[in-house]
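> Fold the following for me, if possible:
(one chain, ligands or ions: 1)
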Amino acid sequence: MPERLLALAVLASRVPKEHESSGRIKEDCANRISGFAGEKRADFFLSEAKLRERPIVLKDVDVPGAGRSVQVDTLVLHPSFVLVAEVKNVTGELYFDNESGQFYRIKGGKREGMRNPEDQLNRAIGALETFLASAGFPVPVQGAIILASYNGLLQQAPITRPALTVDRLPLHLEKLEAENRPILSAGSLRSIEQQLSGSSFQKRDNYFRWYGLIWSDLSVGVRCPECHLLGMGRIHGRWICHGCGSPSKEAHLTALQEFRILFGDKITVKQAMWFFGSGIEVCRP
Ligand SMILES: [Zn+2]
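Okay, the predicted model is just below:
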């Protein structure tokens with residue numbers, strides 16, 4: 001499972017609903033879960049492309065931008081092209097209304113507006129082109145909207161970028177390779193990959209910055225494996241749920257995993273006591 005989805009799931013369960021970012025975190029998490037199957041499908045078709053040169057595929061990329069970084073889910077780096085793939089796993093009849101800039105679907109007779117993937121894609125492309133130019137690689141960036149659900153029927157296509165079904169992704173990559181001359185050497189590609197991969201630490205830090213969170217915003221405690229309530233108590237070497245009374249010997253292991261997803265591999269005794277909800281104040285992990 002992608003790192004970002006795991007982190008969102010932990011945050012969604014540990015940021016109290018009173019926090020101003022709670023709604024956004026839950027929404028991002030739900031979007032990411034519904035998009036996950038589509039991304040898996042797109043990854044499969046990406047690997048099916050018959051290319052002379054093997055591309056580097058990066059997932060969950062944070063492109064440093066002015067102020068806030070821009071998130072790119074799938075980035076394909078190839079000697080002849082750079083492609084941002086905006087994968088959408090949306091069902092229903094899909095419309096890109098180019099007059100209003102709205103993106104909506106009609107499903108079961110109901111019209112539902114959504115974030116416009118074409119705008120998201122153009123923002124990502126702009127940020128990436130700026131970043132690459134500043135890193136010494138002033139190359140054009142391509143983009144494509146990939147419709148990953150077979151139950152999503154494109155009724156009105158976007159104007160500025162191609163939208164294609166996921167099955168056509170290999171063909172699209174093959175076409176990009178055939179139509180473009182090499183612009184990036186193997187060394188340049190590796191350099192770009194390194195600069196964009198970032199460390200896990202930076203990524204984790206980004207989750208907190210994106211949502212305006214500080215570590216003390218999180219609800220701490222060990223989660224009951226039965227009723228999922230946070231805040232089990234430690235009694236006679238076992239965890240006991242304050243809600244349903246269920247005992248557990250290993251509930252803290254899940255909490256440790258959650259801590260690792262948010263803060264990394266190292267944990268001190270004090271930090272563990274804080275995260276397990278012993279009420280001890282510690283410095284930021
Ligand atoms: Zn319980």
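> OK, contacts around residue 28?
The contact partners of residue 28, by C-beta atoms under 8 Å, 6 or more residues apart in numbering, come to residue 8. C-beta coordinates here come from the backbone N, C-alpha and C atoms, glycine included.
> Check which residues of the helix or strand hosting it are buried.
Element membership for residue 28 (DSSP states H and E) is helix 22-48. Residues of helix 22-48 classed as buried: 22, 25-26, 28-29, 32, 35, 38-39, 41-43, 45-46 (neighbour count, 16 or more other C-beta atoms under 10 Å).
> can I assume residue 85 sits in a helix?
No. Applying DSSP: H, G, I helix; E, B strand; the rest coil, one finds residue 85 to be strand, outside a helix.
> Relative to residue 271, how far out is it?
Residue 85 sits at a distance of 38 Å from residue 271 (criterion: C-beta to C-beta, to the nearest Å).
> the more surrounded of these two?
Neighbour totals were compared for residue 85 and residue 271, and residue 85 leads with 28 against 18 (other C-beta atoms under 10 Å).
> How confident was the prediction at the more buried one?
pLDDT for residue 85: 96.
> For it, give its distance to the ion.
42 Å (C-beta to the ion, to the nearest Å).
> Specify the residue ranges that define each domain of the chain.
3-210, 220-275 (automatic domain parsing).
> What's the end-to-end length of the last one?
It stands for domain 220-275. Separation of the first and last residues of domain 220-275 by C-alpha to C-alpha, to the nearest Å is 5 Å.
> quick one, strands of this structure?
Under the criterion DSSP state E, the chain contains strands at 56-63, 70-78, 81-88, 92-97, 102-107, 110-114, 142-147, 152-156, 163-165, 232-235, 238-241, 247-248.
> Now render the ones you listed as a markdown table, adding distance to residue 133.
Below are the strands of the chain laid out as a markdown table (distance: least, C-beta to C-beta, whole Å):
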| stretch | distance to residue 133 |
| --- | --- |
| strand 56-63 | 12 |
| strand 70-78 | 15 |
| strand 81-88 | 12 |
| strand 92-97 | 28 |
| strand 102-107 | 29 |
| strand 110-114 | 31 |
| strand 142-147 | 15 |
| strand 152-156 | 32 |
| strand 163-165 | 27 |
| strand 232-235 | 52 |
| strand 238-241 | 54 |
| strand 247-248 | 54 |
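> Show me the one of those strands that comes nearest residue 214.
strand 56-63 (19.7 Å; C-beta to C-beta).
> where's residue 246 relative to residue 225, distance?
In terms of C-beta to C-beta, residue 246 sits 7 Å off from residue 225.
> Next: residue 130.
47 Å.
> How about residue 240?
Residue 240 is 12 Å from residue 225, by C-beta to C-beta.
> Spell out which residues are contacts of both of these two.
Common contacts of residue 240 and residue 225, defined by C-beta under 8 Å, 6+ apart, comprise 246, 248.
> who's in contact with residue 159?
Per C-beta under 8 Å, 6+ apart, neighbours of residue 159: 96, 98, 118.
> pLDDT score for the nearest residue to residue 79 once chain neighbours are set aside?
Setting aside the residues directly before and after it, residue 79 is nearest to residue 182 in space (C-beta to C-beta, 6 or more residues apart in numbering), at 4.5 Å. On pLDDT, residue 182 comes in at 95.
> cool, and the one 3 residues further on?
At residue 185 the predicted local confidence, pLDDT, stands at 96.
> Could you pull up the contacting residues of the nearest residue to it once chain neighbours are set aside?
In space, and not counting its chain neighbours, residue 185 is closest to residue 79: 7.1 Å by C-beta to C-beta, 6+ apart. For residue 79, the contact set (C-beta under 8 Å, 6+ apart) comprises 53, 182, 183, 184, 185, 186, 189.
> Before we move on, what's the pLDDT of the single nearest residue of the stretch 1-150 of the chain relative to the ion?
The ion sits closest to residue 13 of the stretch 1-150 of the chain, with a gap of 14.3 Å, by C-beta to the ion. Among the per-residue scores, residue 13 shows a pLDDT of 93.
> residues touching it, list them.
residue 223.
> can we see that at 10 Å?
25, 26, 29, 218, 219, 223, 228, 230, 258 (C-beta atoms under 10 Å, 6 or more residues apart in numbering).
> Many thanks, have a good one.
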